[in-house]
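S.K.: Got a sequence here, can you build the structure:
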Amino acid sequence: MFAKPFEKPIRVWVGLGFPRQLNTVLDAYQFAIDWCGNSPEQKAAIRACRAALAGDVDAETARGVFVAFARKKDILIEDGAIPLAVLESAHPKHA
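M.R.: Next up, the predicted model:
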């Protein structure tokens, strides 16, 4: 499966404080690619996601590297920071 879902989604802040939920390795990869910057953490997240998409590592390994990147950039929404219902209403799941 190309999307490779995470066991638990990653939630990040985007723009002017809007939450975004990343459900798959592909979501995280696209986010990391689009992120303005060129930090070692960002590069590691991109490499880890690319490796997971290629089947070289599992999705949870890529998730861990991406979470470290998001935490370092202070955009990670830690558990309990905002209700999940707020995220789901802002970004409904695609069928």
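S.K.: In three-state terms, label the most centrally placed residue in the chain for me.
M.R.: Nearest residue to the geometric centre of the chain (CA atoms, centre = their mean): A28, 3.6 Å. What DSSP: H, G, I helix; E, B strand; the rest coil gives for A28 is helix.
S.K.: now L22
M.R.: Of the three states, L22 takes strand according to three-state DSSP.
S.K.: Look at the closest residue to L53 other than its chain neighbours and say how many residues are nearby.
M.R.: For L53, ignoring the flanking residues on the chain, the nearest one in space by CB to CB, 6 or more residues apart in numbering is V25 at 5.7 Å. All C-beta atoms are positioned from the backbone trio N, CA, C, and that covers glycine. V25: 28 surrounding residues under other CB atoms under 10 Å.
S.K.: for Q30, same thing?
M.R.: Considering only other CB under 10 Å, Q30 is surrounded by 13 other residues.
S.K.: Does K43 belong to a helix, a strand or coil?
M.R.: K43 - assigned by three-state DSSP - is helix.
S.K.: so which strand or helix has I10?
M.R.: Element membership of I10 [criterion: DSSP states H and E] is strand 5-14.
S.K.: list the helices and strands that strand packs on?
M.R.: With contacts taken as 3 or more CB pairs under 8 Å, 6 or more residues apart in numbering; DSSP states H and E, strand 5-14 sits against strand 18-24, helix 25-34, helix 59-72.
S.K.: For that strand, list every residue counted as buried.
M.R.: By neighbour count on 16 or more other CB atoms under 10 Å, the buried set for strand 5-14 is F6, P9, I10, R11, V12, W13.
S.K.: Let me know the pLDDT of the second one.
M.R.: Note for P9: predicted pLDDT of 97.
S.K.: so it touches R20, yeah?
M.R.: No - using CB atoms under 8 Å, P9 makes no contact with R20, being 9.9 Å away.
S.K.: how close does the closest residue to R50 other than its chain neighbours get to A52?
M.R.: Excluding the flanking residues, the one nearest R50 by CB to CB, 6+ apart is Y29, at 6.6 Å. Distance, Y29 to A52, by CB to CB, to the nearest Å: 8 Å.
S.K.: Those two: which is more packed in?
M.R.: A52 (25 against 22).
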